[in-house]
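Undergrad: Sequence plus predicted model, see below.
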Amino acid sequence: MAVRTPYLLECDYEIARWAIQQGPSQNAFSKFLSIDQVKCKLDLSYKNARALHQKIDHELPGVTPWRRSVIQVSGINEEFELFMRDPVECIKELWANPAYLDHLTYAPERRFTDEGKVERIYDELMSGDWSWEAQTLLPDGATLVPVILSSDKTQLCQFRGDKTAYPVYLTIGNISKSIRRKPSFHTQKLIGYLPTVSLDGTDISVDSACLTRAQLFHYAMRMVTSSLRTGPLANGIELTSGDGAVRLGFPVLAAYVADYPEQALVTCTRYAQTCPKCFVTKDELGNHVTRDPRYQKESIRTIRHASQQSTRVRADAAVRDHGLNLILDPFWIELLHCNIHDAITPDILHQIYQGLVRHLCGWISTLIGDAELDARFKRMPRAHGVRLFSHGISGLTQVSGPEHREICKQLLGCIVDAPGAPAGVIRATRSLLDFLEIAQYQSHTEATLGYLADALDEFHANKDVFINLGACNSEDFNFAKLHSLEHYANSIRRFGTTDNYNTEATERLHIDYAKDAYRATNKKEPLPPGVYLAKNPSACAVPFQVLEDQFGATHFKDALGEFIVNQLQSTSQRRRGNRNLNANILRDLEEVDVWYRIKFAVPNLQVDTEFATLCTAHAEPKRLKTSGIGELVARFDTVLINELGCESEETGIDGKRVARLKVIFRIPDEYVTKMSLTRQLGHLAYVEWFSRPRNKDSNSGMYPISRSYRNGMQDASVIEVDSMLRTCQLAPRFGRRANRAWTLNNVIDRCEHFLINNFIDHHTYQSIW
């Protein structure tokens, strides 16, 4: 029986749960409970909404309470409000939650792809080298609790005047990342709102203002994290899990998730002058090098040595030589077994999408020209999950990370063959996009980390082409976000894959934090991998002539006849050919039911336990909108088809072919019976073929294909929908100048040559190579 304390009766509990999760307003609920018949029949332990909330507040296990503190920082003649919760108590909450019980890992683990234990797998945070090293620092039998802190500068509230606050979140690496990265599961605990100060318009210099803000940050964070220090945690803490088991836990800061400016703030390193993780200099940030790693103990020694200097000038010089700022008491000094420099992790959103990709787009626009690049983006065909840039990209302002992600999906296809984009530009762009995709793998081995290193090597080998063509100068590469890519592979080895510490998770936590977990889901069970269609057709009894005229299925009847011949039971029946078939069977078959959409549940190729992802292909003719006002444009998507059946590998292009989906239909059962087929037919599709992919383009790494013809006519067939794997996007070969007569709606019809775009999503990238 489910635990429902403190509600003695199941009815008591179910009504309380309904009232909190899905019920009406508190006033309406109180009025409902005041009805005499309701009170008499239900006999609940609460009489109104207020009594219910009091029961929840006082009798159910409570959340960690908030505390308010007023703080002052030297150099600022003001008081600031700090709101915080005890992080240790928040850890206990997470540990005790029965919803996470089956998703907790209690010890570091190593897994391998082979029985010889040669090829190691890196995925969860507890699978990385850091967890093993940290475990050796704890007493025998102790449980390591990797703490992941993150801070998000998104403005949440105004305290007064120009004072704002931003949140700090905590989670633990023991919880599976598949749960941690979903805001609806509430594994991220809000532990503090940090005050900030605006010093604009004051007489304080820019350097002094930055130092003052840093002091305020570290002072506040020191208070927020006080219970995570070595003293309070010397003997560990008791952690009781949802099954009642008690363990001795030691919370240790494993990762601090932040964008680059805040990484510099957290580690006390000089912004844009060095790296938070190693001793690289400003002039080396654009080089393909790393320097000796930074260690927290060394940084503390440097700061303490500087603090003993006789003048501020000498103190600044002492820390400047080490790339540090003079923050006398950083919040991490006494944290248990902490190395703050090691704890800085990759940040794909800000370092790549908002950093490198933004620069790359600027360089490419300089080389190709805004007009030509926009013309190509405008004419990229529709595909599931791909944004349409109907006005190009040059007019976008304040481009967000999600927008840069959408640009990345189609960027490479838009610059192939473009004027001003020679082979080196194509290779540099492709290698950076390769790095971006591989960095987001949900599971890594040394082999895939080798691919990651190869992509970075190739980018640096080709990046000078932008300098040689005048798109930028050598100093433009000296920025910390480019250098940060040098540390990705090592961070994955130490802390698992990048989805363990992605800043995108905290970017939107302030939106979702108060939502109920159930309401935040779609309340639907995940679908297993496969092909799915609506129960009822979109159009019933559509004549063949309509399919030819409105769907463009020019050879529908011949293709259907050929398909049925191949399905006939005996060899003698096959020899009769299309003539006999058309005369006897297809003579009476003149219409079919038609579906306009088909869905594919695409499996995760790296993690078997992850849910399949849905994508939709369309085969829709032009027609009136349901409102009767205006028309819907025709849309016939391209799909990837498995020609080899079960013999085809899940990844790789062998045995796969692209076709354009024109009609999704089903033959009426009474006609199938007449045909004496060996098996029942399901849904079928009429498709127009493209040539089979053979060899990759040497620069873009994409497969070139062309429209396929047979006897001088478009090659078309009827196939079973189960042979279709997923949607795909084709990038037109625009040549030196995009044909302005082409549009996103007609480009598939008018263009002859294409590239298979394997950057539209992670599954496509991993399955088409």
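TA: Arrived safely. Residues are numbered from 1 along each chain as shown.
Undergrad: can we go C-alpha only for contacts and neighbour counts from here?
TA: Noted.
Undergrad: Point to the helix or strand of the protein where mean pLDDT is at its lowest.
TA: Every helix and strand of the chain was ranked by mean pLDDT, DSSP states H and E. The lowest is strand 157-160, at a mean of 42.
Undergrad: Can you name the element that comes right after that strand?
TA: The helix or strand immediately downstream of strand 157-160 is strand 163-172, counting by DSSP states H and E.
Undergrad: and the strand or helix carrying Glu670, how far out from the chain's middle?
TA: Element membership of Glu670, judged by DSSP H and E, is helix 669-674. Relative to its parent chain, helix 669-674 has a centroid offset of 47 Å by C-alpha atoms, centre = their mean, to the nearest Å.
Undergrad: same check, this time on stretch 244-256
TA: From the chain centre to the centre of stretch 244-256 is a distance of 27 Å (C-alpha atoms, centre = their mean).
Undergrad: Then stretch 419-426?
TA: So, by C-alpha atoms, centre = their mean, the centroid of stretch 419-426 is 29 Å from its chain's centroid.
Undergrad: how long is it end to end?
TA: Stretch 419-426 has an end-to-end distance of 12 Å (criterion: C-alpha to C-alpha, to the nearest Å).
Undergrad: Go through it and flag the buried ones.
TA: Residues of stretch 419-426 classed as buried: 420-426 (neighbour count, 16 or more other C-alpha atoms under 10 Å).
Undergrad: Save these as JSON lines, and put in distance to Arg50 and pLDDT too.
TA: Below are the buried residues of stretch 419-426 laid out as JSON lines (distance: C-alpha to C-alpha, whole Å; pLDDT from 0 to 100):
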{"residue": "Gly420", "distance to Arg50": "69", "pLDDT": "92"}
{"residue": "Ala421", "distance to Arg50": "68", "pLDDT": "96"}
{"residue": "Pro422", "distance to Arg50": "70", "pLDDT": "97"}
{"residue": "Ala423", "distance to Arg50": "70", "pLDDT": "97"}
{"residue": "Gly424", "distance to Arg50": "69", "pLDDT": "97"}
{"residue": "Val425", "distance to Arg50": "66", "pLDDT": "98"}
{"residue": "Ile426", "distance to Arg50": "65", "pLDDT": "98"}
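Undergrad: surely Glu248 meets Glu238?
TA: One correction, residue 248 is Leu, not Glu. Yes. If you go by C-alpha atoms under 8 Å, Leu248 and Glu238 touch, sitting 4.9 Å apart.
Undergrad: So for the two, which residue has more residues nearby?
TA: Neighbour tally, Leu248 and Glu238, criterion other C-alpha atoms under 10 Å: the higher count belongs to Leu248, 16 against 13.
Undergrad: list the helices and strands the strand or helix carrying that one packs on?
TA: If you go by DSSP H and E, Leu248 is part of strand 246-257. The contact analysis (3 or more C-alpha pairs under 8 Å, 6 or more residues apart in numbering; DSSP states H and E) places strand 246-257 against strand 143-151, strand 237-240, helix 340-343.
Undergrad: how distant is that strand from the center of its chain?
TA: Distance, centroid of strand 246-257 to centroid of chain: 25 Å (C-alpha atoms, centre = their mean).
Undergrad: what's the angle between that strand and strand 143-151?
TA: 30 degrees (axes from the mean of the first three to the mean of the last three C-alpha atoms, to 10 degrees).
Undergrad: which outside residues touch strand 246-257?
TA: 88, 130, 138, 141-151, 228, 233, 236-240, 335-338, 340, 342-345, 347, 495, 501-503 (C-alpha atoms under 8 Å, 6 or more residues apart in numbering).
Undergrad: Helices of the stretch 601-750 of the chain, residue ranges please.
TA: Ranges of helices in the stretch 601-750 of the chain, per DSSP state H, counting those that start in this stretch, are 669-674, 747-750.
Undergrad: Compare these and report which one is nearest to Leu412.
TA: Leu412 lies closest, by C-alpha to C-alpha, to one member of these: helix 747-750, at 17.5 Å.
Undergrad: and the closest one, what's its mean pLDDT?
TA: Averaging pLDDT along helix 747-750 gives 96.
Undergrad: And the next helix or strand past it?
TA: Next along the chain after helix 747-750, taking DSSP H and E as the criterion, comes strand 753-757.
Undergrad: and that next one, which strands flank it?
TA: Strand pairing for strand 753-757, determined by DSSP bridges: strand 703-706 (antiparallel), strand 724-732 (antiparallel).
Undergrad: Contacts for the last one next, please.
TA: Here strand 724-732 makes contact (C-alpha under 8 Å, 6+ apart) with 380-384, 410, 413-414, 531, 600, 602, 615-617, 637-642, 658, 747-748, 751, 753-758, 760, 764.
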